[in-house]
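J.: take a look and give me a structure for this.
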Amino acid sequence: MAGTALVVGASGIVGSATAELLNAEGWTVHGLARRPTVQPGVNPIAADLLDPAATREALKDLNPDAVFITTWLRQDNEAENIRVNSAMVRHLLDALPKPTGPRHVALVTGLKHYLGPFEAYGKGTLPQTPFREEQGRLDVDNFYYAQEDEVFAAAARDGFSWSVHRPHTVIGKAVGNAMNMGTTLAAYATLCRETGRPFTFPGSAAQWEGLTDMTDARLLARHLLWAATTPAARNEAFNVVNGDIFRWSWMWRRIAEWFGVERAPFDVIVRPLEQQMAEDAPIWRRIAEREGLAEPDLARLASPWHTDADLGRPIEVVTDMSKSRRMGFTAYQATDDAFFDLFTQLRADRLIP
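T.: Numbers count the residues shown, from 1 in each chain. Got it, this is the predicted structure:
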């Protein structure tokens, strides 16, 4: 069943993959962003969700069958994260005309539902792994919870169905994205190859040795569409991961081999990428000029702080997807292939040499 969709954050990693899938499936796709980019088959809508009047004006004539919320704005602390990101969801749902037929709203959050916000990430009393949806909320402030509450309140008021999607770290392409491990690692490996530095794992022993999983943006897009079109998935929250598990000691070797760089032995010392890459912007600019790359600004490709947060966790992170499997979602994606597909696309788009 194809219909009309509004993808909020259409230029981001998850939003762009979702818009591409919906377009391929025959949906009429509207993509909302503060600064929309040109995307095949997507009708651009420019709006700042922090401006309720402008958002209302931009959406006044739209009556989507499905709304996919895939955006957020990082703030200096969790109190501000809550204030700003809950307001964005509230302004969006207040601005949309009341549905005249069935409507589904899907909200993308993540595993910070279980791990806590950045200020208390992976600390304190955490649920036992693998994380399961019924484990509920932590007793800490979290902007994910505030976003959910805005969706729940609007659903009760306007009568639409909803779903919440909790991916692990997402692998996908988007320039200028604040949380982008795949492109960050691609840029880092390229810099290591350029300078002769060893490809050094930046994180903790728990991540190097423990089990983990990830989420391909293309698989997440399929999950979003599945939930929007599957009656049993309405008004439910779901974990979303690729379906395989791995150790970073194995994945780091696989990525090093793809780029042809030498791995440094892991010596249990945490060496954050934010420090390793602190002086690399001029080197990247030289590489970009020499190789004719599309983006000479390293800061628009790499987000070392976010990759450090994920790879520096002191605990094993494994996610259970039984809830989706029982309802019929069986898509699978090997995570090393997800990385390699991304690297191949980045090279084809002249974002890495």
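J.: buried residues of the helix or strand where residue 94 lies, list them for me.
T.: Secondary structure assigned from DSSP states H and E places residue 94 in helix 78-95. Buried residues in helix 78-95, defined by neighbour count with 16 or more other Cβ atoms under 10 Å: 78, 81-82, 84-93, 95. Heads up, the C-betas are built off the backbone N, CA and C, glycines and all.
J.: show me what it is packed up against.
T.: Applying 3 or more Cβ pairs under 8 Å, 6 or more residues apart in numbering; DSSP states H and E, one finds that helix 78-95 contacts helix 52-59, strand 66-69, helix 143-158.
J.: on contacts alone, who are the packing partners of the shortest one?
T.: Which is strand 66-69. Packing partners of strand 66-69 (3+ Cβ pairs under 8 Å, 6+ apart): strand 4-8, helix 78-95, strand 104-108, helix 217-229.
J.: make it 7 Å
T.: Contact here means 3 or more Cβ pairs under 7 Å, 6 or more residues apart in numbering; DSSP states H and E; on that basis strand 66-69 packs against strand 4-8, strand 104-108.
J.: over to the longest one?
T.: Helix 143-158 makes packing contacts with helix 78-95, strand 104-108, strand 161-167 when contacts are defined by 3+ Cβ pairs under 7 Å, 6+ apart.
J.: right, and the helices and strands packed on helix 78-95 - which one's nearest residue 136?
T.: Nearest to residue 136 among the helices and strands packed on helix 78-95 is helix 143-158; the distance by Cβ to Cβ comes to 10.1 Å.
J.: that closest one vs strand 161-167, what angle?
T.: Using axes from the mean of the first three to the mean of the last three Cα atoms, to 10 degrees, the direction of helix 143-158 lies 170 degrees away from that of strand 161-167.
J.: report the buried residues of helix 143-158.
T.: By neighbour count with 16+ other Cβ under 10 Å, helix 143-158 contains the buried residues 143-148, 150-151, 154-155.
J.: and the gap between the nearest residue to residue 83 once chain neighbours are set aside and residue 150?
T.: Closest residue to residue 83 apart from its sequence neighbours, by Cβ to Cβ, 6 or more residues apart in numbering: residue 75 at 7.8 Å. Distance of residue 75 to residue 150, given as Cβ to Cβ, to the nearest Å: 16 Å.
J.: then residue 139?
T.: Distance, residue 139 to residue 150, using Cβ to Cβ: 20 Å.
J.: could you do residue 85 as well?
T.: With the distance defined as Cβ to Cβ, residue 85 ends up 9 Å from residue 150.
J.: next one: residue 293
T.: Distance from residue 293 to residue 150, by Cβ to Cβ: 40 Å.
J.: residue 99 too?
T.: Residue 99 is 17 Å from residue 150, where distance means Cβ to Cβ.
J.: so who does residue 292 touch?
T.: By Cβ atoms under 7 Å, 6 or more residues apart in numbering, the contact list for residue 292 reads residue 350.
J.: need phi/psi at it.
T.: Phi and psi for residue 292, reported as degrees, to the nearest 10, are phi 70, psi 40.
J.: need the per-residue pLDDT for it.
T.: At residue 292, the model reports a pLDDT of 98.
J.: do the same with residue 121
T.: 65.
J.: how near is the residue most central in space within the chain to residue 346?
T.: Central residue of the chain (Cα atoms, centre = their mean): residue 170, 4.4 Å from the mean position. The spacing between residue 170 and residue 346, counted by Cβ to Cβ, is 15 Å.
J.: now residue 167
T.: On the measure of Cβ to Cβ, residue 167 and residue 346 end up 20 Å apart.
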